[in-house]
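Engineer: what's the 3D shape of this:
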Amino acid sequence: MSSPADAVRDVVDVVVIGAGQAGLSAAYHLRRLGARFVVLDANPAPGGAWQHRWRTLTMADVHGIAKLPGLDAPHADGDTAARDTVPAYYADYEDRFGLPVVRPVRVRRVANADPAEPTGDLLVHTDAGTWRTRALINATGTWERPFWPSYPGAATFRGRQLHTHDYTGPDELAGLDVVVVGGGASAVQILGELAGGAASTTWVTRREPVWRTDDFDPAAGRDAVALVEDRVRRGLPPQSVVSVTGLALRPQEQRAAALGAYERHPMFTAIEPEGVRMADGTFRRADAIVWATGFRAVLDHLAPLRLRETSGGVRLVAREDAHTPTTAARDHRVQLVGYGPSASTIGANRAGRVAARSALREVERTAVA
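Structural biologist: Got it, this is the predicted structure:
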């Protein structure tokens, strides 16, 4: 017997999964192109992953709001919370352009409507019913898949272990001895917040951090995106754009630097009940370990389509006159945005436009066929 979640709710040209920066950009261009589409969003409210960021992450920390196509971002004071400001902008954007966002809807899997016809329609199965579509734009990002490395002794640790995903602000770790793991921007930001409030901080990374001392101009940005783009063109798991841009200390982190927060140590070799065993054999006491170790792309719902290469990533290609690769090489019905080179907010805007056009070209192709 079929359940209500198996019933086909609607038939559309394109389904967009996710209403963050990339999904909204794609939706804007689909609207302009006259497509019949729907945006399915797992969150209870507008804002994408921004609504889940820690409360002390300010607009100064994130360098302002990246403009969505067609609507200037509002001015925001640097000390306002990013998790309030950005979702408000996204909500206004959805309303302003009448974007058909349905939420909360969690996509369970995407499969062929007819298993014998792998180039036909797709069925998007969700907890709120099923949508039938000719093309799909996946914009699910990474927030729901935090990466937790496995280290010996982790289960024996008597303190608290938390990921960036669960970090709410420095107050929860005040007065504690804290080990922060990770070499990215989140680790730098969290260390900056904890300095002076925590009893002590120890920063460990697998590799020496690469610090930027020069200005990050548009040319440097294009070079960084090109490196990430090369990986997805080859089907390798994508690296974040930040991983190739290097790190920079902002004015609000200079005080933390003066307190020694950014003295980097090699990765510990084991976790013990009261702390961590360092690479040189010394012991560091810890009440908490913060894993600022990044996220992985949320793509499990696409598994029935077999998009992954043997190398583990989804290979993307650029269709026709597009320069930005968004089309899954193994299935041209599927576009990926907010993945690889389009994981940045600016890259997501460009990819949204390309994905919308590529998706509709696929719709036209199947209509003619």
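Engineer: which element, helix or strand, includes residue 357?
Structural biologist: Using DSSP states H and E, residue 357 sits within helix 345-368.
Engineer: can you tell me the average pLDDT over that helix?
Structural biologist: Mean pLDDT, helix 345-368: 85.
Engineer: what comes up buried for that helix?
Structural biologist: 345, 347-363, 366 (16 or more other Cβ atoms under 10 Å). C-beta here means a position set from N, CA and C on the backbone, and glycine is covered the same way.
Engineer: please apply the same query to stretch 307-322.
Structural biologist: By 16+ other Cβ under 10 Å, the buried positions in stretch 307-322 come out as 307, 308, 313, 314, 315, 316, 319, 322.
Engineer: would you mind splitting this protein into its domains for me?
Structural biologist: Listed by automatic domain parsing, the domain ranges of the chain are 4-144+295-368, 154-211+247-291.
Engineer: ok, the residue lying closest to residue 287 once chain neighbours are set aside to residue 337 distance?
Structural biologist: Leaving aside its sequence neighbours, residue 287 sits nearest to residue 176 (Cβ to Cβ, 6 or more residues apart in numbering; 3.9 Å). To residue 337, residue 176 is 39 Å away according to Cβ to Cβ, to the nearest Å.
Engineer: look at the two and report which has more neighbours.
Structural biologist: Neighbour count, other Cβ atoms under 10 Å: between residue 176 and residue 337, residue 337 has more, with 33 against 17.
Engineer: picking that back up, send the alpha carbons of the helix holding residue 357 over as PDB?
Structural biologist: Output in PDB follows, covering the C-alpha atoms of helix 345-368 (Å, rounded to 0.1, in the frame of the first residue of the first chain):
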ATOM      1  CA  THR A 345      28.200  33.100  -2.300                       C
ATOM      2  CA  ILE A 346      29.400  34.900  -5.400                       C
ATOM      3  CA  GLY A 347      30.100  31.700  -7.200                       C
ATOM      4  CA  ALA A 348      26.600  30.500  -6.300                       C
ATOM      5  CA  ASN A 349      25.000  33.400  -8.100                       C
ATOM      6  CA  ARG A 350      26.800  32.700 -11.300                       C
ATOM      7  CA  ALA A 351      26.100  29.000 -11.100                       C
ATOM      8  CA  GLY A 352      22.400  29.600 -10.400                       C
ATOM      9  CA  ARG A 353      22.000  31.400 -13.700                       C
ATOM     10  CA  VAL A 354      24.000  28.700 -15.700                       C
ATOM     11  CA  ALA A 355      22.100  25.900 -14.000                       C
ATOM     12  CA  ALA A 356      18.700  27.400 -14.700                       C
ATOM     13  CA  ARG A 357      19.500  27.800 -18.400                       C
ATOM     14  CA  SER A 358      21.000  24.300 -18.600                       C
ATOM     15  CA  ALA A 359      18.000  22.700 -16.900                       C
ATOM     16  CA  LEU A 360      15.600  24.400 -19.300                       C
ATOM     17  CA  ARG A 361      17.700  23.300 -22.300                       C
ATOM     18  CA  GLU A 362      17.300  19.700 -21.000                       C
ATOM     19  CA  VAL A 363      13.600  20.200 -20.600                       C
ATOM     20  CA  GLU A 364      13.400  21.400 -24.200                       C
ATOM     21  CA  ARG A 365      15.500  18.500 -25.400                       C
ATOM     22  CA  THR A 366      13.200  15.900 -23.800                       C
ATOM     23  CA  ALA A 367      10.100  17.700 -25.000                       C
ATOM     24  CA  VAL A 368      11.400  17.500 -28.600                       C
END
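Engineer: how near is the residue nearest to residue 287 to residue 170?
Structural biologist: Using Cβ to Cβ, which is the criterion applied here, residue 176 is 10 Å from residue 170.
Engineer: overlap of the contact sets of those two?
Structural biologist: Counting by Cβ atoms under 8 Å, 6 or more residues apart in numbering, the shared contacts of residue 176 and residue 170 are residue 198.
Engineer: give me the below-cutoff pLDDT ranges for the stretch 151-300 of the chain.
Structural biologist: Low-confidence segments of the stretch 151-300 of the chain (pLDDT under 70): 213-246.
Engineer: what segments of it are helices?
Structural biologist: Along the stretch 151-300 of the chain, counting by DSSP state H, counting those that start in this stretch, helices occupy 185-194, 218-233, 242-245, 254-258.
Engineer: endpoints of stretch 163-180, how far apart?
Structural biologist: Using Cα to Cα, to the nearest Å, the end-to-end distance of stretch 163-180 comes to 10 Å.
Engineer: for that stretch, the distance to its chain's centre please.
Structural biologist: Averaging C-alpha positions (Cα atoms, centre = their mean, to the nearest Å) puts stretch 163-180 21 Å from its chain's average.
Engineer: give me the contacts around that stretch.
Structural biologist: Outside stretch 163-180, the residues touching it (Cβ under 8 Å, 6+ apart) are 52, 54-56, 143, 146, 148, 159, 182, 186-187, 190-191, 193-194, 197-204, 268, 275-276, 284-295.
Engineer: just the buried members of these?
Structural biologist: By 16+ other Cβ under 10 Å, the contacts of stretch 163-180 give 54, 56, 143, 146, 159, 182, 186-187, 190-191, 193-194, 198, 200-204, 268, 275-276, 284, 286-295 as buried.
Engineer: coming back round to it: which of the domains of the chain sits most buried?
Structural biologist: domain 4-144+295-368 (a mean of 19; mean count of other Cβ atoms under 10 Å).
Engineer: for residue 256, which non-adjacent residue is spatially closest?
Structural biologist: Per Cβ to Cβ, 6+ apart, closest to residue 256 is residue 195, 3.6 Å.
Engineer: again with residue 20
Structural biologist: Residue 20 sits nearest to residue 48 (Cβ to Cβ, 6+ apart), 2.8 Å away.
Engineer: wait, doesn't the one you found sit right on residue 23?
Structural biologist: Yes: counting by Cβ atoms under 8 Å, residue 48 does reach residue 23; the two are 7.5 Å apart.
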